[in-house]
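> Please work out how this folds:
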Amino acid sequence: MSGNTKSLRIRIKSVNSTMQLTKAMGLVASSKIRKANDAMAKGREYIKTVEDAVSLLSSCTEAQLSPYLTKRSPDRVRLVVIAGDRGLAGGYNANVFRLARSFPGAEFFPIGKRACEQFGAEPDSSEHFSFDQASLLAQRLCDDFRDGLYDALGILYTRYHSIMSQEAEVKWILPLEKKGESLSSPVFEPDPLTILNRTVCEYVAGVICACAKESFACEVASRKIAMDSAEKNAKQMLDDLSLEYNRARQSSITQEITEIIAGAGDDRR
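Numbers count the residues shown, from 1 in each chain. The predicted structure follows:
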């Protein structure tokens, strides 16, 4: 029986150490949630402004000649895949990679250490992904699209609905969607086509950067929920193990007392 209590003590100590770890990770995630959500909100606001400008430009008759409005058969697809830098975030990374597998012929451009590991690229942090990095990537993607090296560009990221709900999805950004001609469009200088072609790279960079910020907010939220759940389960395990330990210890003490009494009876004889 003493061996059983020793084993239970080891398990209790192990579960308690794990609970302390999950609690610490949950606190770290909590401290990052507000900042991540603020960055996500600013990214969404920026993208809406740029999308409105691109939409207005693409509605101009002169802009219809832009190579970025050229529809092609989507046989050659490129996807910017945004995942996390680390695990222990519930199904966050797994959901991204599951969706990526539904595009078997795509060429992937990963952001985030887990995505880089998955697709064999140099490590790149999604948490600290900057607009300068997004601009370099966007320039390459836009140049290659203009040169006809691929047909469609999408960003596979995780969309934030609430702290309890995030969903992996693809946002298609190239080719641009053609808009109907505007009856009262403003006057552009030098002309809508030139401005649109110069704006597209900025637009793509902004979308990539904003999606990275939103994905990170989802990662932090998912990790917070996962760690809270793990801590709750660890507490329940500790309660169960403590009860089992106390029963085993009580049984051991009872057995020892019984053996002492039995020994004393034998001595009297």
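> in this protein, which spans are strands?
Secondary structure of the chain (DSSP state E): strands located at 77-82, 107-111, 152-162, 165-174.
> Mean neighbour count and mean pLDDT for these - can I get that in JSON lines?
All C-beta spots, glycine's among them, are computed from the backbone N, C-alpha and C. Output for those, formatted as JSON lines (neighbours: other Cβ atoms under 10 Å; pLDDT from 0 to 100):
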{"stretch": "strand 77-82", "mean neighbour count": "24", "mean pLDDT": "96"}
{"stretch": "strand 107-111", "mean neighbour count": "21", "mean pLDDT": "96"}
{"stretch": "strand 152-162", "mean neighbour count": "21", "mean pLDDT": "95"}
{"stretch": "strand 165-174", "mean neighbour count": "18", "mean pLDDT": "94"}
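> Could you dump these into a markdown table with distance to residue 258 added?
As requested, the strands of the chain are exported to a markdown table (distance: least, Cβ to Cβ, whole Å):
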| stretch | distance to residue 258 |
| --- | --- |
| strand 77-82 | 65 |
| strand 107-111 | 66 |
| strand 152-162 | 59 |
| strand 165-174 | 58 |
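> So which of those strands is nearest residue 9?
Put simply, out of those the one that sits nearest residue 9 is strand 165-174, at 39.5 Å, with distance taken as Cβ to Cβ.
> For this structure, give me the ranges with low pLDDT.
By pLDDT under 70, the weakly predicted segments of the chain are 1-3, 179-185, 259, 263-269.
> Select the longest helix from it.
Secondary structure assigned by DSSP state H gives helix 192-268 as the longest helix of the chain.
> Quick check: the spatially most central residue of the chain vs residue 145, distance?
What sits nearest the mean C-alpha location of the chain, by Cα atoms, centre = their mean, is residue 219, with 4.0 Å. As defined by Cβ to Cβ, to the nearest Å, residue 219 lies at a distance of 29 Å from residue 145.
> same deal with residue 251?
Relative to residue 145, and taking Cβ to Cβ, residue 251 is found at 73 Å.
> cool, residue 232 as well?
48 Å.
> likewise residue 210?
Applying Cβ to Cβ, the value for residue 210 to residue 145 is 19 Å.
> repeat for residue 7
Residue 7 is 62 Å from residue 145, where distance means Cβ to Cβ.
> quick one, which of the two is more surrounded?
Comparing residue 7 with residue 145 by neighbour count (other Cβ atoms under 10 Å), the higher total belongs to residue 145, at 23 against 12.
> From what I see, residue 69 and residue 192 are in contact.
No: between residue 69 and residue 192 there is no contact under Cβ atoms under 8 Å: 11.3 Å.
> which of those two has more neighbours?
Neighbours were counted for residue 69 and for residue 192 using other Cβ under 10 Å; residue 192 has more, 23 against 19.
> Got the phi and psi for residue 59?
phi -80, psi -10 (degrees, to the nearest 10).
> Around it, count how many other residues there are.
Burial of residue 59, expressed as a neighbour count using other Cβ under 10 Å, amounts to 17.
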